[in-house]
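Chemist: only the shape, not the letters, is given here:
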């Protein structure tokens, strides 16, 4: 467990990149299909029940939501995708916002891709996986709602996905997770620690600037 994540605070919600925090430091973005348990995961990882807004109506995360961990690290909750009963034009706007963020945000250092363990590897999930593979951006997959299956079934799903992604040639890790049972939290904290570890070139820059 890393208690640093428990001090996360909400910064702002932005419908445009122009309204986002300065593109400095390091950001880990949480992506996933609406109703996959993305907001619940963020709340569980930070031990703050109301940090990320949870709605009974999937698809209410319509903006980029930023959370500060410390002066150099942030979480970003991306718009949920694929479920919300909204006009096609709005879905297109969400998609364009996400695409612009993912392709232009220099501080983005990793993705947490949230999937419902009962409905993994949707079309959107594959798009995100392929995008991370194309860019080489590290990806950590959370198979959420693991409490909805018995352990054997959940483990089989994990093994099947690992098998399907075994040929991936970029940093990729996968785990089971349950916000309800609080299982897998330490694993996610460890994955976040890795995602937030500066690359050697960034460490050299930081060392230079601190001299």
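Modeler: Thanks, I have it. What you see is a predicted model, and the numbers here were worked out from it, not measured in a lab. Numbers count the residues shown, from 1 in each chain.
Chemist: buried residues in stretch 161-179, which are they?
Modeler: 161, 172, 173, 174, 175, 176, 177, 178, 179 (16 or more other CB atoms under 10 Å). C-beta: built from backbone N, CA, C; applies to glycine.
Chemist: farthest-separated two in these?
Modeler: The distance between the two most remote of those (CB to CB) is 22.2 Å, for 172 and 179.
Chemist: where does the protein have low pLDDT?
Modeler: Flagging of the chain using pLDDT under 70 yields the residue ranges 54-61, 82-86, 200-211.
Chemist: the longest strand anywhere in the chain pairs with which strands, and in what direction?
Modeler: Counting residues, the longest strand found in the chain (DSSP state E) is strand 108-116. Strand partners for strand 108-116, identified by DSSP bridges, are recorded as strand 26-32 (parallel), strand 139-144 (parallel).
Chemist: can you put these in a markdown table and add mean neighbour count and distance to residue 47?
Modeler: Formatted as a markdown table, the strands paired with strand 108-116 follow (neighbours: other CB atoms under 10 Å; distance: least, CB to CB, whole Å):
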| stretch | mean neighbour count | distance to residue 47 |
| --- | --- | --- |
| strand 26-32 | 24 | 16 |
| strand 139-144 | 26 | 17 |
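Chemist: with distance to residue 69 added, can I get the ones you listed in a markdown table?
Modeler: Listed next are these as a markdown table, based on distance: least, CB to CB, whole Å:
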| stretch | distance to residue 69 |
| --- | --- |
| strand 26-32 | 9 |
| strand 139-144 | 16 |
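Chemist: go through the ones you listed and name the closest to residue 198.
Modeler: Among these, the nearest to residue 198 by CB to CB is strand 26-32 (7.2 Å).
Chemist: how much distance is there from the closest one to the middle of the chain?
Modeler: Averaged C-alpha coordinates place strand 26-32 at 4 Å from its chain's average position (CA atoms, centre = their mean, to the nearest Å).
Chemist: skip ahead from that strand and say which helix or strand is next.
Modeler: Following strand 26-32 in sequence order, the next helix or strand is helix 38-46 (DSSP states H and E).
Chemist: touching the helix or strand just after that following helix from outside, list them.
Modeler: Following helix 38-46 in sequence order, the next helix or strand is strand 64-70 (DSSP H and E). With CB atoms under 8 Å, 6 or more residues apart in numbering as the test, strand 64-70 has contacts from 4-5, 7-15, 17, 20-21, 42, 46, 51-52, 74-79, 97, 101.
Chemist: of those residues, which belong to helices?
Modeler: Among the contacts of strand 64-70, the members found in helices (DSSP state H) are 42, 46, 97, 101.
Chemist: let me know the closest of those residues to residue 189.
Modeler: Lowest distance from residue 189 to the ones in helices among the contacts of strand 64-70 (CB to CB) belongs to residue 46, with 10.3 Å.
Chemist: next, count neighbours for the closest one.
Modeler: Residue 46 sits with 19 neighbouring residues when counted by other CB atoms under 10 Å.
Chemist: do the same with the one 3 residues further on
Modeler: By other CB under 10 Å, 10 other residues sit near residue 49.
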